[in-house]
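Trainee: Could you look at this predicted model? Sequence included:
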Amino acid sequence: MTELKNMYIFEYLDENDFRKKERSVRKYNMLAYKRLTFTYYPKLRQGEFLGELVGEDKKLKTKNYELKLPTDALFTKVHGEIRLHYTVYLDKNIILLTNITPEEILDEGHRAELSTYKGVMISKKNPERDMFKVNLLNALNK
């Protein structure tokens with residue numbers, strides 16, 4: 001068992017906003033949510049930093065990471081990859097969970113029930129754009 005003093009604790013840049021996005025991921029992509037909750041979070045707490053290192057501050061002893069969550073190819077092409085953004089404070093054993101992107105569709109998915117079109121979430125702001133992308137991608141794949 002890992003000693004508690006070596007464990008990292010989670011803190012949030014904006015916990016309410018982060019939890020809303022997390023619930024949207026749970027609602028619209030259960031695989032990503034399960035992987036995040038049952039695989040990635042425990043590994044992060046144990047100090048196994050996952051994803052791509054995107055920045056580092058040697059003075060503050062921090063490292064910024066982006067972790068790509070499992071997403072189907074069509075969703076990725078229409079809305080982009082779902083990514084967890086976090087900062088590790090190495091000297092304090094703190095992981096600051098900063099964001100889950102793409103923000104627009106996750107925020108919208110939390111506020112209102114989004115419809116799907118051919119298996120992809122469609123935004124209420126730009127449904128025509130999203131349906132056009134889905135149809136175009138399907139036409140290109142045929």
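Mentor: The structure has been received and is ready for your questions. Numbering: from 1, shown residues only.
Trainee: show me where the protein has helices.
Mentor: 15-28, 30-35, 41-45, 73-79, 103-111, 127-141 (DSSP state H).
Trainee: out of these, which comes closest to Lys58?
Mentor: Nearest to Lys58 among the helices of the chain is helix 41-45 (21.3 Å), distances taken as C-beta to C-beta. All C-beta spots, glycine's among them, are computed from the backbone N, C-alpha and C.
Trainee: I'd like the average pLDDT over that closest one.
Mentor: Taken as a whole, helix 41-45 has an average pLDDT of 97.
Trainee: same check, this time on stretch 13-33
Mentor: Per-residue scores along stretch 13-33 average to 89.
Trainee: now do stretch 126-140
Mentor: pLDDT averaged over stretch 126-140 gives 71.
Trainee: Same question for stretch 97-105.
Mentor: Per-residue scores along stretch 97-105 average to 84.
Trainee: ok, now stretch 62-75?
Mentor: Rounded mean pLDDT across stretch 62-75 is 89.
Trainee: ok, and what's touching it?
Mentor: 25, 29, 31-32, 35-36, 40, 49-57, 81-90, 118-121, 134, 137 (C-beta atoms under 8 Å, 6 or more residues apart in numbering).
Trainee: Which of these are buried? Put it as a ChimeraX command.
Mentor: This is the ChimeraX syntax for the buried subset of those, where burial follows 16 or more other C-beta atoms under 10 Å:
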select :25,29,32,35,36,40,49,51,82,83,84,85,86,87,88,89,120,121,134
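Trainee: The contacts of stretch 62-75 in strands, which ones?
Mentor: The strands, defined by DSSP state E, take in 52-57, 83-89, 120-121 from the contacts of stretch 62-75.
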